[in-house]
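1. Here's a sequence, model it:
(one chain, ligands or ions: 1)
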Amino acid sequence: MGTARAESSDLRLRMYHTHTGEHLDVVYKHGATYVRGALDQLDHFLRDHRTGDVHHYDPRVFDVLSDLLEAVGRPTAEINIICGYRTPWSNQFLRTHTSGVAQNSLHMQAEAIDIRIPGVDTARLRSTALNLKRGGVGYYPHSNFIHVDVGRVRWW
Ligand SMILES: [Zn+2]
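-> Prediction:
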């Protein structure tokens, strides 16, 4: 399903970053080809919001987001971003001040993202992400978001 769609169309992502207050609306892929300028915009948008550092994102993360939106029937929804890239400093800061942050978090490789989708129940978002079997899925019901990454398929 996702493959047929990707071969014939432009893939667009809309995002709102809950920490910076910024919005982004980009076509990041034409057919099977990633759009370089759009990836640059996404990298900047998903920078470490504590330090301002930018890291090149693994674009497969954006494919997971796109397929996730499609799978929950909200292909044009604006994804709310809780956390994108994290420098090691920022990851350690979070580990000190909160629980449930991995020492070797894939946020530090720009291969992970924490999101919620307004109007989509977070438990349903989690089960839909698990069904995609594209990487790790974390569930944070008290903060109302999920983590998705393109590492090994696993869940917590
Ligand atoms: Zn995360």
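2. Every contact and neighbour count from this point should use C-alpha atoms.
-> Noted.
3. can you map out the strands along the protein?
-> Listed from the start of the chain, the chain has strands (DSSP state E) covering 10-17, 23-30, 33-34, 78-83, 112-116, 136-140, 145-149, 154-155.
4. and the fifth one, how far from the chain's centre?
-> It stands for strand 112-116. Distance, stretch centre to chain centre, for strand 112-116: 4 Å (C-alpha atoms, centre = their mean, to the nearest Å).
5. neighbours around Arg86, how many?
-> 28 (other C-alpha atoms under 10 Å).
6. Double-check Asp149 against Lys133; I have them as touching.
-> No - under the criterion of C-alpha atoms under 8 Å, Asp149 lies out of contact with Lys133, with a separation of 10.5 Å.
7. Okay, and the beta partners of the residue nearest the centre of the chain?
-> Central residue of the chain (C-alpha atoms, centre = their mean): Ile113, 3.5 Å from the mean position. Beta-bridge pairing for Ile113 (DSSP bridges): Val148.
8. Most proximal residue of this protein with respect to the ion?
-> For the chain, the residue positioned closest to the ion under C-alpha to the ion is His147, at a distance of 4.3 Å.
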